[in-house]
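> Give the three-dimensional model of this entry:
(one chain, ligands or ions: 2)
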Amino acid sequence: MTGKIAVTPRSLSGAGHPVLSRLMERGFEIVYPAPGKMPSEEDLLRSIPGCVGWLAGVEPISVRVLDAARGLRVISRNGTGVDNIDIPEAQARGITVERATGANARGVAELAIGLLLAASRHIPWSHQHLSQGEWRRRIGCEVKGRALAVVGCGAIGREVIDMALGLGMEVVGYDPYPDARFVRAGFRYAGLEEVLRDADAVSFHCPPGEKPILDEAMLAKMRKGVIVVNTARAELIDDGAMLAALESGQVSTLATDVFHNEPPAASALLSHERVILTPHAGGFTEESVDRATSVAVDNLLKNLVCP
Ligand SMILES: NC(=O)C1=CN([C@@H]2O[C@H](COP(=O)(O)OP(=O)(O)OC[C@H]3O[C@@H](n4cnc5c(N)ncnc54)[C@H](O)[C@@H]3O)[C@@H](O)[C@H]2O)C=CC1
Ligand SMILES: O=C(O)C(=O)COP(=O)(O)O
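Ligands and ions are numbered 1, 2, ... in the order given. As a prediction, this is how the structure comes out:
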């Protein structure tokens with residue numbers, strides 16, 4: 001089979017990627033619905049009909065788009081989160097959804113640890129003041145010996161656990177499907193409340209559910225001054241409750257890579273001096289993009305080309 005394949009991830013729709021040539025060698029034509037940016041629903045409604053494959057990013061994929069996607073056989077994410085896709089609705093239309101499991105795990109985990117250290121040593125705050133000629137110091141804390149809660153112990157969570165153990169942290173993880181084969185000295189699984197209640201820092205690595213995990217009630221149960229790192233999804237945290245917790249000092253720093261809308265609108269939370277921001281860059285390393293794109297192309301070909 002040949003035909004058109006849409007490519008929409010922000011990391012690929014600007015300059016493409018050498019691995020996409022494998023699709024062209026098989027006779028597929030590549031189309032970019034929204035070069036260099038996240039496509040809107042209108043961009044998708046205009047470009048997806050007529051495509052047999054879709055190498056997709058984190059853009060919302062609405063039922064309207066699925067309805068219009070006549071002839072589409074497979075949506076292949078070049079990452080791991082599929083919360084932007086209504087999988088049962090896709091499957092009901094005969095569309096297979098694939099994900100690049102674990103392909104960007106190292107990139108995201110390194111950013112999460114970077115954010116944890118940036119928060120514990122106030123690196124962005126120090127840089128901001130010093131670059132404006134102000135010599136100010138805010139006392140930090142060492143992570144060695146501190147308790148890290150890892151919520152979601154899949155591909156990314158496990159990389160974070162290993163790095164945090166290497167830093168001498170005590171790591172406790174929560175996962176609704178704990179893996180008995182994942183055994184590490186200094187790591188144990190526990191229930192969600194216990195994990196969060198006893199943490200000096202928490203790092204999220206799970207898909208979002210129906211409700212935020214960090215809401216007012218949960219934040220109130222946590223240690224005062226906890227550091228929160230979110231490289232997973234914005235929906236895991238109640239923004240209003242988080243702002244109040246930052247104001248009261250219940251949370252010392254929120255470091256987040258993810259937003260409800262990307263790019264996000266200005267808000268009191270995002271401009272708070274104890275909030276550290278990165279632009280959904282967890283998986284945006286040369287290595288993670290290479291691996292994730294390669295797996296996503298494999299997953300397209302697996303579904304579109306007979307062996
Ligand atoms: N910032 C970024 O650039 C990136 C962010 N992500 C986010 O990170 C998340 C994790 O990615 P991976 O580790 O690759 O996925 P994964 O599928 O390997 O692991 C996810 C883990 O979360 C667990 N889980 C499911 N519901 C949970 C809950 N309510 N509480 C705690 N754990 C729960 C699962 O059992 C699984 O072990 C993705 O869902 C995505 O939202 C993923 C890649 C890049
Ligand atoms: O893999 C994921 O779930 C991600 O969040 C990666 O996002 P990106 O493809 O780097 O925009």
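> what does this protein have sitting close to ligand 1?
Those residues of the chain that sit near ligand 1, judged by C-beta under 6 Å from any ligand atom, are 79-81, 102, 104-105, 108, 151-157, 174-177, 205-207, 209, 231-233, 257-258, 280, 282-283. For every residue, glycine as well, the C-beta is placed using N, CA and C.
> Just the buried residues from the residues you listed, in ChimeraX please.
Selecting only the buried entries of the residues of the chain next to ligand 1 in ChimeraX, with 16 or more other C-beta atoms under 10 Å as the criterion:
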select :79,80,81,102,104,105,108,151,152,153,154,155,156,157,174,175,205,206,231,232,233,257,258,280,282,283
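> In strands, which of the residues of the chain next to ligand 1 appear?
If you go by DSSP state E, the residues of the chain next to ligand 1 have Val151, Tyr174 in strands.
> just the helices in the chain please.
With DSSP state H applied, the chain shows helices at 21-25, 41-47, 63-68, 87-92, 105-120, 123-131, 155-166, 192-197, 216-221, 239-248, 286-304, listed in chain order.
> now the fifth one, how far from the chain's geometric center?
In this case it means helix 105-120. Relative to its chain's centre, helix 105-120 lies at 12 Å (C-alpha atoms, centre = their mean, to the nearest Å).
> ok, what's across the strand from Ile30?
Ile5 (DSSP bridges).
> Go ahead and confirm it touches Val19.
No: with contact defined as C-beta atoms under 8 Å, Ile30 and Val19 do not form a contacting pair (11.5 Å).
> I'd like to know how many residues surround the residue nearest to Pro207 when sequence neighbours are not counted.
Spatial nearest neighbour of Pro207, excluding adjacent residues (C-beta to C-beta, 6 or more residues apart in numbering): Asp83 at 5.3 Å. When neighbours are counted by other C-beta atoms under 10 Å, Asp83 registers 14.
> give the contact list for Asp83.
Shown in contact with Asp83 (C-beta atoms under 8 Å, 6 or more residues apart in numbering): Pro207, Pro208, Arg233, Glu235.
> Throw the residues you listed into JSON lines and include pLDDT and distance to Arg184, thanks.
Output for the contacts of Asp83, formatted as JSON lines (pLDDT from 0 to 100; distance: C-beta to C-beta, whole Å):
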{"residue": "Pro207", "pLDDT": "98", "distance to Arg184": "23"}
{"residue": "Pro208", "pLDDT": "98", "distance to Arg184": "26"}
{"residue": "Arg233", "pLDDT": "98", "distance to Arg184": "25"}
{"residue": "Glu235", "pLDDT": "98", "distance to Arg184": "29"}
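> Tell me if I'm right that His17 and Glu286 touch.
No: if you go by C-beta under 8 Å, His17 and Glu286 don't touch, sitting 10.6 Å apart.
> Next one: Glu262 from ligand 1, what distance?
According to C-beta to the nearest ligand atom, to the nearest Å, Glu262 stands 10 Å off from ligand 1.
> Run a quick check on that residue versus Glu59, I expect a contact.
No: the criterion here is C-beta under 8 Å, and Glu262 misses it with Glu59 at 9.1 Å.
> In terms of packing, which of the two has more residues around it?
Neighbours were counted for Glu262 and for Glu59 using other C-beta under 10 Å; Glu59 has more, 22 against 13.
> check contacts around that one.
Applying C-beta under 8 Å, 6+ apart, the residues contacting Glu59 are Thr8, Met38, Pro39, Leu44, Asn84.
> In the chain, what residue lies closest to ligand 1?
Residue nearest to ligand 1 within the chain (C-beta to the nearest ligand atom): Gly154, separated by 1.8 Å.
> Now do the contacts for the closest residue to that residue other than its chain neighbours.
Excluding the flanking residues, the one nearest Gly154 by C-beta to C-beta, 6+ apart is His205, at 6.5 Å. Shown in contact with His205 (C-beta under 8 Å, 6+ apart): Val108, Ala112, Val150, Val151, Gly152, Cys153, Gly154, Ile156, Gly157, Val160, Thr231, Ala232.
> one more time with 6 Å, if that's ok
Contacts for His205 (C-beta atoms under 6 Å, 6 or more residues apart in numbering) come out as Gly152, Ile156, Gly157, Ala232.
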